[in-house]
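Peer 1: coords below, sequence missing:
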């Protein structure tokens with residue numbers, strides 16, 4: 001499996017603190033079946049200034065540390081880039097790093113609580129510049145939670161969505177879990193990632209969420225969301241979900257609620 005959203009780089013943002021924790025983090029991921037981890041430190045003006053040269057260098061160093069520790073996981077560079085002006089220019093000059101450093105696929109972060117301005121135009125302009133937009137954890141964004149059609153509109157413009165494991169399995173509460181199910185049923189999210197920050201509260205584990213998602217979208221689609229789809233995004237290609245995915249079922253009792261053992 002491939003995890004395209006993690007905070008594994010030590011001491012660079014609010015994720016892993018040191019090499020020892022990074023090694024444990026990678027071992028937990030490997031034990032779950034993850035073979036490739038994308039390091040996506042926050043990139044946000046005034047908070048985390050993580051530009052391309054530093055991230056690439058830190059990823060290279062971490063890979064050496066993991067090899068010496070005998071951990072069979074590859075780390076590749078990326079970033080979780082907060083919405084800001086002139087994103088295409090920032091990507092071109094290295095201030096905003098793309099997934100896999102491919103120069104094309106942007107993991108875009110919105111504020112969890114504040115409404116963005118003219119997000120459809122932002123997506124449109126990025127598409128014109130040849131940039132693939134992947135929204136980080138749309139199921140946790142209040143702007144989308146308040147009106148799912150807002151999110152559907154940016155997907156129609158060609159954006160993709162990365163849903164978080166913790167949202168699917170209930171770590172972030174019932175509201176995020178229910179909205180996750182809605183987005184999965186409507187085929188509005190395309191890749192599952194951990195957004196892991198540590199090995200305990202927010203660990204780099206995908207398998208449990210894949211199993212929960214499979215109950216909603218089917219096993220082939222759920223499996224593709226941690227294999228074929230993230231691989232395509234890292235390569236800058238448009239991903240395809242399996243053609244045999246079942247149609248969304250009429251919603252009665254939440255399948256996620258059943259999975260979580262809720263009423």
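Peer 2: Ah, there it is. Please read all numbers here as calculations on a predicted model, not as lab measurements.
Peer 1: Report the secondary structure state of residue 180.
Peer 2: helix (DSSP: H, G, I helix; E, B strand; the rest coil).
Peer 1: State the number of residues packed around it.
Peer 2: 30 (other Cβ atoms under 10 Å). Quick note: C-beta positions are derived from backbone N, CA and C, even for glycine.
Peer 1: Assess the claim that it and residue 169 are in contact.
Peer 2: No. Between residue 180 and residue 169 there is no contact under Cβ atoms under 8 Å: 9.1 Å.
Peer 1: In the stretch 101-250 of the chain, what residue spans correspond to strands?
Peer 2: Taking DSSP state E, counting those that start in this stretch, the strands of the stretch 101-250 of the chain run over residues 105-109, 132-136, 160-164, 191-193.
Peer 1: which other helices and strands contact the last one?
Peer 2: Just to be clear, that refers to strand 191-193. strand 2-6, strand 160-164, helix 165-169, helix 207-217, helix 228-234 (3 or more Cβ pairs under 8 Å, 6 or more residues apart in numbering; DSSP states H and E).
Peer 1: ok so, going back, right, and the strands of the stretch 101-250 of the chain - which one's nearest residue 236?
Peer 2: strand 105-109 (5.7 Å; Cβ to Cβ).
Peer 1: For whatever helix or strand residue 22 lives in, list every residue counted as buried.
Peer 2: In the assignment (DSSP states H and E), residue 22 maps to helix 19-31. Going by neighbour count (16 or more other Cβ atoms under 10 Å), the buried part of helix 19-31 is 19, 21-30.
Peer 1: Then stretch 120-140?
Peer 2: 122-124, 126, 131-140.
Peer 1: so who does residue 51 touch?
Peer 2: Shown in contact with residue 51 (Cβ atoms under 8 Å, 6 or more residues apart in numbering): 43, 94-95, 97.
Peer 1: so what's it scoring on pLDDT?
Peer 2: The model reports residue 51 with a pLDDT of 88.
Peer 1: do residue 160 as well
Peer 2: For residue 160, pLDDT reads 97.
Peer 1: and it, what is it in contact with?
Peer 2: 132-135, 190-191, 233, 239.
Peer 1: Residue 75 now?
Peer 2: 8, 26, 36-39, 59, 62-63, 66.
Peer 1: hang on, it is in a helix, isn't it?
Peer 2: No. Residue 75 is assigned strand when assessed by three-state DSSP, not a helix.
Peer 1: Return the distance of it relative to residue 48.
Peer 2: According to Cβ to Cβ, to the nearest Å, residue 75 and residue 48 sit 18 Å apart.
Peer 1: same thing with residue 127?
Peer 2: Going from residue 127 to residue 48 by Cβ to Cβ gives 26 Å.
Peer 1: Going by distance to residue 90, which of the buried residues of helix 19-31 wins?
Peer 2: Of those, the one sitting nearest to residue 90 (Cβ to Cβ) turns out to be residue 22, at 26.6 Å.
Peer 1: wait, the closest one sits on residue 64?
Peer 2: No. Using Cβ under 8 Å, residue 22 makes no contact with residue 64, being 11.6 Å away.
Peer 1: Can you pull out the low-pLDDT segments for the stretch 101-250 of the chain?
Peer 2: For the stretch 101-250 of the chain, applying pLDDT under 70 flags the ranges 243-250.
Peer 1: again, 80 this time
Peer 2: Along the stretch 101-250 of the chain, the parts satisfying pLDDT under 80 run over 241-250.
Peer 1: could you dump the buried residues of stretch 120-140 to CSV with distance to residue 106?
Peer 2: Output for those, formatted as CSV (distance: Cβ to Cβ, whole Å):
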residue, distance to residue 106
122, 11
123, 10
124, 14
126, 7
131, 5
132, 7
133, 6
134, 7
135, 10
136, 10
137, 15
138, 14
139, 19
140, 18
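Peer 1: Does residue 25 touch residue 196 like I think?
Peer 2: Yes. The pair formed by residue 25 and residue 196 meets the contact definition of Cβ under 8 Å, at 7.0 Å.
Peer 1: any residues in contact with both of these two?
Peer 2: Contacts common to residue 25 and residue 196, judged by Cβ under 8 Å, 6+ apart, are 6, 8, 203-204.
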